[in-house]
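K.L.:
This is a predicted model, with the sequence first.
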Amino acid sequence: MLDVGLGYRVQYLREVFLMLAGRLVHLIESNWDTITANALRHIRQEPRMTHIAGLPGAELREWGQDILQHLGFWMTQANLDELGLRYEARGKLRFEEDVPLAEVVRALAILKAKIIDFVDQQAVEGTSTEILAKKDLTVRLGRYFDFLICHLVAGYEKALRQAANLEAAMHPPRRQRAQS
């Protein structure tokens with residue numbers, strides 16, 4: 001026979017888990033500036049990130065703020081369409097700024113790593129429930145950043161194709177002279 005108390009304990013653990021996951025997301029949102037500063041410091045120190053590092057500091061800070069300050073909002077399914085459009089536009093913008101795609105993707109990877117580092121440093125209780133909540137958040141962050149990268153690349157590639165089509169239209173290939 002199933003212990004009736006087991007159902008209540010499972011429900012209680014589920015609620016605690018969700019509370020911890022929510023607390024971790026709130027921790028990230030409320031410390032967006034510290035996490036962003038750590039990511040920007042890392043980006044500026046990488047020798048292969050010269051284009052991103054050359055963008056205005058205010059623009060890069062705003063980028064970090066946009067991702068982190070409303071992380072809980074953006075990570076919900078209901079907001080994915082809007083987020084996808086925003087990141088396609090960001091990809092187009094980075095193409096227009098002549099920022100190599102590899103740098104743009106690497107910047108997002110650095111930001112994700114800094115978020116995970118921050119959570120690991122701040123959340124030190126170490127209970128099994130907290131460890132599971134951190135693991136779940138890491139998985140969700142991975143999916144979130146994968147989504148951002150896919151839409152950013154799509155916007156970048158679309159802008160690249162448009163530029164190539166414009167270039168081809170402006171400079172059509174010369175016809176070869178007919179041999180007599």
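P.N.:
Thanks, I have the structure now.
K.L.:
What's the first helix or strand after the helix or strand of the chain with the lowest mean pLDDT?
P.N.:
Every helix and strand in the chain was compared by mean pLDDT, DSSP states H and E; the lowest is helix 4-30, with a mean of 67. Going down the chain from helix 4-30, the next helix or strand is helix 32-45, by DSSP states H and E.
K.L.:
so how far is the helix or strand just after that next one off the chain centroid?
P.N.:
Next along the chain after helix 32-45, taking DSSP H and E as the criterion, comes helix 50-53. Counting by Cα atoms, centre = their mean, to the nearest Å, helix 50-53 is centred 17 Å from the centre of its parent chain.
K.L.:
Which neighbouring elements make contact with the next helix or strand after helix 50-53?
P.N.:
Sequence order places helix 57-68 as the next helix or strand after helix 50-53, per DSSP H and E. Counting by 3 or more Cβ pairs under 8 Å, 6 or more residues apart in numbering; DSSP states H and E, the packing neighbours recorded for helix 57-68 are helix 32-45, helix 101-122. All C-beta spots, glycine's among them, are computed from the backbone N, C-alpha and C.
K.L.:
now helix 57-68 against helix 101-122, angle please.
P.N.:
Calculated by axes from the mean of the first three to the mean of the last three Cα atoms, to 10 degrees, helix 57-68 forms an angle of 60 degrees with helix 101-122.
K.L.:
May I see the buried residues of helix 57-68?
P.N.:
Within helix 57-68, the residues that count as buried by 16 or more other Cβ atoms under 10 Å are Leu60, Trp63, Gly64, Asp66, Ile67, Leu68.
K.L.:
Residues contacting that helix, please?
P.N.:
The contact list for helix 57-68 (Cβ atoms under 8 Å, 6 or more residues apart in numbering) reads 28-29, 32-33, 35-36, 39-40, 43, 52, 74, 86, 90, 111, 115, 148.
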